[in-house]
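Participant: please find the sequence and the predicted model below.
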Amino acid sequence: MIKKNLVLTVLFLVIIGGVLPGCGGLRPTVFINEQYDFRFLEHVAVVPFDNLSNDQGAGNRATRLFISKILAERAFDVVEPGEVSRVLEKYSTVRTGQLTEEQIKEIGQELKVQGIILGTVTESSTVTSGGTTTSTITIIGRMVETENGTTIWSATNTAGGRGFWGTLFGTGGKSQSEATRNCVDGLIKTLIE
């Protein structure tokens, strides 16, 4: 009788574990301009991501991971970050998300790119509770085409947390680095798949 109850309990947990993450997990929010032909998009520049969180290194960390993942996917040719920084020095905006349509066109011409990717880390936090650590990050990414200065892709993704099994068994969640990598991976999948 005890073995039967144990088997039923384990089976129940496996079924619940397979169902709950699909129901409760956050999926990226995505916009894709269906009038734009992405086949003509070959060269892009990734502008350093803005950081609205209290985690001082979150914007730089997300930018570097985003560039690395785009290069690994071989989706686009990416302008070297140093070249992007050199061109951006001309514009004294506090946040790169505040670039105007005209500035985006000028940057596109100077860097010879068809698209500029901008991003913002809106949340990057690590919470320790009961001996376990949980990290969460939210990134908003968007691509603006440089001919007209219009947004052709935008997505918001959140990653991290403890998840179902971590909550059930009291184990820790992902590290900040893992959460950032998962968040970036989720964003890029909405762009290139």
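Facilitator: Done, it's in.
Participant: tell me what the helix or strand where residue 86 lies is packed against?
Facilitator: Using DSSP states H and E, residue 86 sits within helix 81-88. Helix 81-88 is packed against strand 43-46, helix 101-111, with contacts defined by 3 or more Cβ pairs under 8 Å, 6 or more residues apart in numbering; DSSP states H and E. Placement of C-beta: from N, CA and C, glycine included.
Participant: show me what counts as buried in the helix or strand hosting residue 120.
Facilitator: Residue 120 belongs to strand 115-129 when assigned by DSSP H and E. Buried positions in strand 115-129, judged by neighbour count with 16 or more other Cβ atoms under 10 Å: 115, 116, 117, 118, 119, 120, 121, 122, 123, 124, 125.
Participant: likewise for stretch 71-86?
Facilitator: Buried residues in stretch 71-86, counted by 16+ other Cβ under 10 Å: 75, 76, 78, 79, 84.
Participant: phi, psi for the second one please.
Facilitator: Dihedral angles of residue 76 (phi, psi; degrees, to the nearest 10) stand at phi -140, psi 160.
Participant: any idea how far residue 89 is from it?
Facilitator: For residue 76, the distance to residue 89 (Cβ to Cβ, to the nearest Å) stands at 23 Å.
Participant: could you pull out the strands for this protein?
Facilitator: 29-32, 43-46, 50-51, 77-78, 115-129, 132-145, 151-160 (DSSP state E).
Participant: looking at these, which is nearest to residue 59?
Facilitator: Residue 59 sits nearest to strand 50-51 of all these, at 3.2 Å, using Cβ to Cβ.
Participant: give me the sheet partners of the closest one and which way each runs.
Facilitator: With DSSP bridges as the test, strand 50-51 is paired with strand 115-129 (parallel).
Participant: average pLDDT for the partner strand?
Facilitator: Here strand 115-129 scores 90 as its mean pLDDT.
Participant: with stretch 68-77 instead?
Facilitator: 94.
Participant: list of residues touching it?
Facilitator: Taking contacts as Cβ atoms under 8 Å, 6 or more residues apart in numbering, the residues outside stretch 68-77 that touch it are 41-44, 46, 78, 115, 117, 184-185, 188, 191-192.
Participant: now the buried members of those residues.
Facilitator: 41, 44, 46, 78, 115, 117, 184, 188, 191.
Participant: which two from these end up farthest apart in space?
Facilitator: 41 and 184 (18.9 Å).
Participant: one step back: TSV for the buried ones among the contacts of stretch 68-77, including distance to residue 59?
Facilitator: Listed next are the buried ones among the contacts of stretch 68-77 as TSV, based on distance: Cβ to Cβ, whole Å:
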residue	distance to residue 59
41	24
44	18
46	12
78	17
115	20
117	13
184	12
188	17
191	19
